[in-house]
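Trainee: Here is a sequence with its predicted model. Questions after.
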Amino acid sequence: MFWFITSTVGAAIMATSMIFFRLKAAKRPASVKKIILPPLFMSTGALMFLFPMFQISWYQVLEAFSVGVLCSFFLIKTSKFQIRNQAIYLIPSKAFAFILFSLLLFRIVVKLAIGSHISFGETSGMFFLLAFGMIFTWRIAMLYKYLQLEKELNTKVNNF
């Protein structure tokens with residue numbers, strides 16, 4: 001129970017900090033580097049799978065990653081860019097906070113449902129893959145949207 005509460009509080013703190021980071025990021029122009037780096041930094045967490053406690057079956061890998069991809073659609077829908085002052089900015093979404101906390105609630109419910117059937121290490125590994133699948137897919141979609149706008153911006157600049 002201690003680990004359940006600790007990990008839930010940790011996830012709530014991360015969700016809250018993500019809201020503040022996203023609001024702060026909206027004040028500065030976006031870039032390819034700012035879009036790509038978060039999943040790259042997060043990918044180092046995959047080192048957890050070197051330890052037997054966290055290893056899961058390929059079926060669980062596919063299941064967790066797929067759920068993450070499905071959850072990413074909510075974030076993709078709320079991530080929009082706009083061109084301002086010859087730069088591309090991320091538009092802050094009021095729904096972002098609601099979506100993050102809804103995903104946190106979903107995570108808690110799923111953790112309660114599977115926590116009694118799967119060990120803490122396996123649950124941790126699965127939730128890491130869920131989060132990675134969500135962030136990776138979301139950032140790929142953001143990169144695609146950003147590159148589309150960048151192409152539009154470059155076309156406008158070259159036509160003047």
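Mentor: Great, that's in hand.
Trainee: which helices and strands does the host helix or strand of V110 pack with?
Mentor: In this assignment (DSSP states H and E), V110 forms part of helix 95-115. Judged by 3 or more CB pairs under 8 Å, 6 or more residues apart in numbering; DSSP states H and E, the packing partners of helix 95-115 are helix 2-25, helix 58-78, helix 120-159. Just so you know, the C-beta spots here come from the backbone N, C-alpha and C atoms, and that holds for glycine as well.
Trainee: For that helix, which residues meet the burial criterion?
Mentor: Of all the residues in helix 95-115, those buried under the rule 16 or more other CB atoms under 10 Å are F96, A97, I99, L100, L103, L104, R107, I108, V110, K111, G115.
Trainee: Tell me the spacing between E152 and T6.
Mentor: Using CB to CB, to the nearest Å, E152 is found at 46 Å from T6.
Trainee: K27 too?
Mentor: For K27, the distance to T6 equals 33 Å [CB to CB].
Trainee: Which strand or helix spans I83?
Mentor: Under the criterion of DSSP H and E, I83 resides in strand 80-84.
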